[in-house]
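Chemist: Structure for the following, please:
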Amino acid sequence: MKKLITQNPNILGGKPIIAGTRMSVEVILEFLAGGMEIKEMLKEYPFLTREQIQAAIEYAAGKVGSAGTSKEKRENIKLLATPPTAIRYIAGMNSK
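Modeler: Residues are numbered from 1 along each chain as shown. The predicted structure follows:
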């Protein structure tokens, strides 16, 4: 399986990015939190795929989960992956 999210200390200071691009997971989440829909993102950034955007969302959900979030909450994050609700939920959990 191809790794869709990577990190390299020489690219964007080591932030997680979509493999083969300089598009960070953080930027994807900011777009979604700002109300941009996935279909808009795909039109604006044609080098991205729906699979890559979904991988960014799942990567963020996994990071929240690894910080001690219950399995049920991680699943809820994935189910709420309809912008902007999902990203606001994730951001709220990170601030606790």
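
Chemist: Tell me the helices and strands packed up against the longest helix seen in the chain.
Modeler: Criterion DSSP state H: the longest helix present in the chain is helix 50-66. Applying 3 or more Cβ pairs under 8 Å, 6 or more residues apart in numbering; DSSP states H and E, one finds that helix 50-66 makes contact with strand 5-6, strand 17-18, helix 25-33, helix 38-44, helix 71-79, helix 85-94. All C-beta spots, glycine's among them, are computed from the backbone N, C-alpha and C.

Chemist: weakest of those in terms of mean pLDDT?
Modeler: Looking at these, the lowest mean pLDDT belongs to helix 85-94 (a mean of 52).

Chemist: Buried residues in stretch 24-33, which are they?
Modeler: Burial within stretch 24-33, assessed by neighbour count using 16 or more other Cβ atoms under 10 Å, is assigned to 24-25, 27-29, 31-33.

Chemist: Is it possible to get the residues you listed out as CSV so that each row also shows distance to L48?
Modeler: Output for the buried residues of stretch 24-33, formatted as CSV (distance: Cβ to Cβ, whole Å):
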residue, distance to L48
S24, 12
V25, 12
V27, 11
I28, 8
L29, 14
F31, 10
L32, 12
A33, 17
